[in-house]
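Everything below, folded, please.
(2 chains)
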Amino acid sequence: MRGEGCALVGAGDTPLNGGVGAVASQRVQFNTPLDLQSGAILPAYELAIETYGTLSAAKSNAILVCHALSGHEHVAGFRADNPDDIGWWDNIVGPGRPLDTDKYFVVGLNNLGGCHGSSGPSSINAASGKPWGADFPIVTVSDWVAAQARLADTFGIDAWAAVIGGSLGAMQALQWTLNFPQRVRSALVIAAAPKLSAENIAFNDVARQAILTDPDFHGGHYYQHGVVPLRGLRLARMLGHITYLSDDQMAEKFGRRTRAGAGSYGFDVEFEVESYLRHQGDKFAGVFDANTYLRMTKALDYFDPAAEFNDDLAAALACATAQFLIVSFTTDWRFTPSRSREMVNALVKNGQPVTYAEIDCAHGHDSFLMPDPQYHAVITAFLKRVGT
Amino acid sequence: MNTLHNRGDFNVIASWIKPGERVLDLGCGDGGLLRRLIDQRGARGYGIELENEAMLAAIGNGINVIQTDLEQGLAGLGDATFDHVVLSRTLQAVIHTEKVLTEMLRVGREAVVSFPNFAYWKNRIAVMGGRMPVSEDLPYEWFNTPNLRFFTIVDFESLCQHMNIAIRERQVLDEAGVLVGEEANFLGSLAVYRIGRD
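Now for the predicted structure:
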């Protein structure tokens, strides 16, 4: 039976025992201008990062964790000043975990355009002394990889043992193998697609429209007006969140259950699923930046490494020398297993090293964040092959 | 499934793989055969395996393993991607026999197929005695066998003729893994074929 491979537990249920413990993020300043794919130039920028484990003398044991749409540098452990603030992928990083910090030096960062400490629309533009807002350039997956390569340089890391990510993070891992083939020994491309489908882009655009049409958006310069387009961002997140879950999982988690006292023939919260989504929307809108959300979804839409190869994905991937692990999840309808198979088939066509796992997990697109035993065992076995 | 060690058909298959060939092993199990082809024949290969445990073992053996159902998983692969597509001791457990053979000969220049011969004399005696055969090459009881189809060397060659598949080479082994010469359909417990299209 599909969707019964892993238990229904939330990422937040992960036991903290044995993790990396208390962590603190750092800022790394870059003063060499970065030429962006759009033609814009970012004169200087900062990246927020966290690291776990110890970089070996040979600097050969480094793993880069790339985040997806709403992620950031706080991948694992908990913040010393807030023990409840657990990293977004804590279950995979730590001693004895798949990204074993007894062996590997793991680096997490917040990408350019983010809102967690790296330079982005909500940070101050040195030229104007005001928040960048709408003036922060559109950044692409390739731009992120370029910035990440400079981050590797600051550590003296010539080549990552692995670059890993899920969803939009996986697209960065794939892009690494194309932009810097010699600098990545393995790529773990999880719950991804080689490009978005029209349906994927459509969902993203509805989310963007929610933000762009919010009266508090002010063309992206809402910081100066002392407001935030909360309604738009909340709707965008609610919509996005639906696409991260699976139908089966929603049926199991909520079904048609109603809240106590519901049945008012009105538009207040009645069904549990409404309550859940509104809560998710509120929570997210309170901490995330709308301009960042717009940019992250654009980076997704633009990602298409085969475009400059006449849509021949095999030709696009031919320059990669990394070992690939590609993972998909049976209940992921945002990026279905067949989208992962497109990449697998292209790599096989080229005779490039690739392993592909299709994990039976009930959590839809979000499965990549879940501690499914088979999923984690596959990553552990693969990294053992990659070595330190 | 390739979970048994030192299997006689591996020797035959290995002898048919030329150095440096591209090989796809369907139902590769823990990757034992591919490992051997890589180490001994310099082959470059991929395995296809559906089961979680076997898949993990294959990763551990350094195999490029693709987790998919072998009856559907070949669809996205290009024509003649491989020199040889191997299906070792699995044809009898496949649902769409003709489709799988056709797909193997589309993505591979040639295919290598091994299967237990139901007409092996010990199997015949078992059936004559009123019992379904259990042997080295048919190791399951009727109630737990993954095998769906019971056929013989003569049956397989008849199918090949029907499908216009050319038999390039055939080796037949007895239960001890020793090559059988004459009376293959009677003395042979396991048949190994190299097939192609003319």
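
Find me the pLDDT at the residue nearest the centre of chain B, would you?
The centroid of chain B falls nearest to B:Ser88 when counting by CA atoms, centre = their mean (2.0 Å). Among the per-residue scores, B:Ser88 holds a pLDDT of 94.

Any chance of the backbone angles for it?
phi -100, psi 120 (degrees, to the nearest 10).

Just the endpoints, please. Distance across stretch A:254-270?
12 Å (CA to CA, to the nearest Å).

Show the average pLDDT along that stretch.
83.

now swap in stretch B:113-127 and tell me
96.

Please identify the buried residues of that stretch?
B:Val113, B:Ser114, B:Phe115, B:Pro116, B:Asn117, B:Phe118, B:Ala119, B:Tyr120, B:Trp121, B:Lys122, B:Asn123, B:Ala126 (16 or more other CB atoms under 10 Å in any protein chain shown). C-beta coordinates here come from the backbone N, C-alpha and C atoms, glycine included.

Show me the contact partners of that stretch.
Here stretch B:113-127 makes contact (CB atoms under 8 Å, 6 or more residues apart in numbering or on different chains) with B:9, B:12-13, B:86-92, B:101, B:104, B:132-135, B:137-138, B:147, B:150-154, B:156, B:172, B:174-175, B:184-193, B:195.

Give me the buried entries from those.
B:9, B:12-13, B:86-92, B:101, B:104, B:133, B:137-138, B:147, B:150-153, B:156, B:172, B:174-175, B:184-185, B:187-193, B:195.

Could you tell me which of those are located in helices?
Assigned to helices by DSSP state H, the following of the buried ones among the contacts of stretch B:113-127 qualify: B:Asp9, B:Val12, B:Ile13, B:Leu101, B:Met104, B:Ile153, B:Phe156, B:Ala184, B:Asn185, B:Leu187.

so who does the fifth one touch?
For B:Met104, the set of contacting residues under the criterion of CB under 8 Å, 6+ apart consists of B:Leu26, B:Leu74, B:Val85, B:Leu87, B:Ala111, B:Val113.

Could you pull up the residues touching the fifth one?
Contact analysis of B:Ala111 by CB under 8 Å, 6+ apart lists B:His84, B:Val85, B:Val86, B:Leu87, B:Leu101, B:Met104, B:Leu105, B:Arg194, B:Ile195, B:Gly196.

Name the residues of chain B found near chain A, please.
B:22, B:44, B:46, B:52, B:55-56, B:59-60, B:62-68, B:76-78, B:81 (CB under 8 Å from any CB of the partner chain).

among the residues you listed, which ones are buried?
For the residues of chain B next to chain A, buried by 16+ other CB under 10 Å: B:22, B:44, B:46, B:52, B:55-56, B:59-60, B:62-68, B:76-77, B:81.

Inside helices: which ones of those residues?
Using DSSP H, these in helices are B:Asn52, B:Met55, B:Leu56, B:Ile59, B:Gly60.

Columns pLDDT on top of those, output as JSON lines?
Converted to JSON lines, those look like this (pLDDT from 0 to 100):
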{"residue": "B:Asn52", "pLDDT": "97"}
{"residue": "B:Met55", "pLDDT": "97"}
{"residue": "B:Leu56", "pLDDT": "98"}
{"residue": "B:Ile59", "pLDDT": "98"}
{"residue": "B:Gly60", "pLDDT": "97"}
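
and those residues, which two are the farthest apart?
B:Asn52 and B:Gly60 (12.8 Å; CB to CB).

Would you point out the most distant pair within the contacts of B:Met104?
B:Leu74 and B:Val113 (14.3 Å).

list the contacts for the closest residue to chain B within the stretch 201-350 of chain A?
Using CB to the nearest CB, the closest approach of the stretch 201-350 of chain A to chain B is made by A:Asn345 at 4.1 Å. Going by CB under 8 Å, 6+ apart, A:Asn345 touches A:Ala314, B:Gly76, B:Leu77, B:Gly78.

now with 6 Å?
B:Gly76, B:Leu77 (CB atoms under 6 Å, 6 or more residues apart in numbering or on different chains).

That one: which element?
Assigned by DSSP states H and E, A:Asn345 falls within helix A:337-350.

Can you give me the buried ones in that helix?
Buried, per 16+ other CB under 10 Å, within helix A:337-350: A:337, A:339-350.

mind showing which ranges of the stretch 1-150 of chain A have poor pLDDT?
A:1-17 (pLDDT under 70).

quick one, helices of it?
A:141-155 (DSSP state H, counting those that start in this stretch).

ok, which residues in it are in contact with chain B?
Within reach of chain B by CB under 6 Å from any CB of the partner chain, the stretch 1-150 of chain A has no residues at all.

can you give me the strands for chain B?
B:22-26, B:44-49, B:64-67, B:82-88, B:108-116, B:166-173, B:179-180, B:190-196 (DSSP state E).

A:Leu174: which of these is closest?
Closest among these, using CB to CB: strand B:64-67, at 17.0 Å.

Would you mind writing the CA trace of the closest one as PDB?
Only the C-alpha atoms of strand B:64-67 are listed here, as PDB (Å, rounded to 0.1, in the frame of the first residue of the first chain):
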ATOM      1  CA  ASN B  64      24.500   2.400  -9.100                       C
ATOM      2  CA  VAL B  65      21.100   1.100  -8.200                       C
ATOM      3  CA  ILE B  66      17.700   2.500  -9.400                       C
ATOM      4  CA  GLN B  67      14.700   1.700  -7.300                       C
END
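
Name the surrounding residues that touch it.
Contacts of strand B:64-67 (CB under 6 Å, 6+ apart): A:Pro353, A:Val354, A:Thr355, A:Tyr356, A:Ala357, A:Glu358, B:Tyr46, B:Gly47, B:Ile48, B:Glu49, B:Met55, B:Ala58.

and the residues you listed as a markdown table, adding distance to A:Gly387?
Formatted as a markdown table, these follow (distance: CB to CB, whole Å):
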| residue | distance to A:Gly387 |
| --- | --- |
| A:Pro353 | 14 |
| A:Val354 | 18 |
| A:Thr355 | 15 |
| A:Tyr356 | 21 |
| A:Ala357 | 19 |
| A:Glu358 | 25 |
| B:Tyr46 | 21 |
| B:Gly47 | 21 |
| B:Ile48 | 25 |
| B:Glu49 | 23 |
| B:Met55 | 20 |
| B:Ala58 | 18 |
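
Quick check: the farthest pair among those?
Maximum distance among those (CB to CB): 18.1 Å, for A:Pro353 and A:Glu358.

And the lowest-mean-pLDDT helix or strand in chain B, what does it pack against?
Using mean pLDDT, DSSP states H and E, helix B:8-16 stands out as the lowest-scoring helix or strand of chain B, at a mean of 92. Packing contacts for helix B:8-16, counted by 3 or more CB pairs under 6 Å, 6 or more residues apart in numbering or on different chains; DSSP states H and E, involve strand B:190-196.

Can you give me the neighbour number for A:Glu50?
Other residues lying near A:Glu50 total 24 when counted by other CB atoms under 10 Å in any protein chain shown.

wait, what's in contact with it?
Per CB under 6 Å, 6+ apart, neighbours of A:Glu50: A:Val23, A:Ser25, A:Glu73, A:His74, A:Gly108.

and if we set it to 7 Å?
A:Val23, A:Ser25, A:Glu73, A:His74, A:Val75, A:Gly108 (CB atoms under 7 Å, 6 or more residues apart in numbering or on different chains).

A:Leu325 now?
A:Ser186, A:Leu188, A:Thr355, A:Phe382.

A:Gly96 and A:Pro373: what is the separation?
Distance, A:Gly96 to A:Pro373, by CB to CB, to the nearest Å: 14 Å.

out of A:Pro353 and A:Glu358, which sits in the more crowded spot?
Each of A:Pro353 and A:Glu358 has its neighbours counted (other CB under 10 Å); A:Glu358 has more, 24 against 20.

Counting by contacts, list what whatever helix or strand that one lives in packs against.
Secondary structure from DSSP H and E places A:Glu358 in strand A:354-359. Contact partners of strand A:354-359 among helices and strands, from 3 or more CB pairs under 7 Å, 6 or more residues apart in numbering or on different chains; DSSP states H and E: strand A:323-329, helix A:337-350, helix A:373-386, strand B:64-67.

I am finished for the moment; much appreciated.
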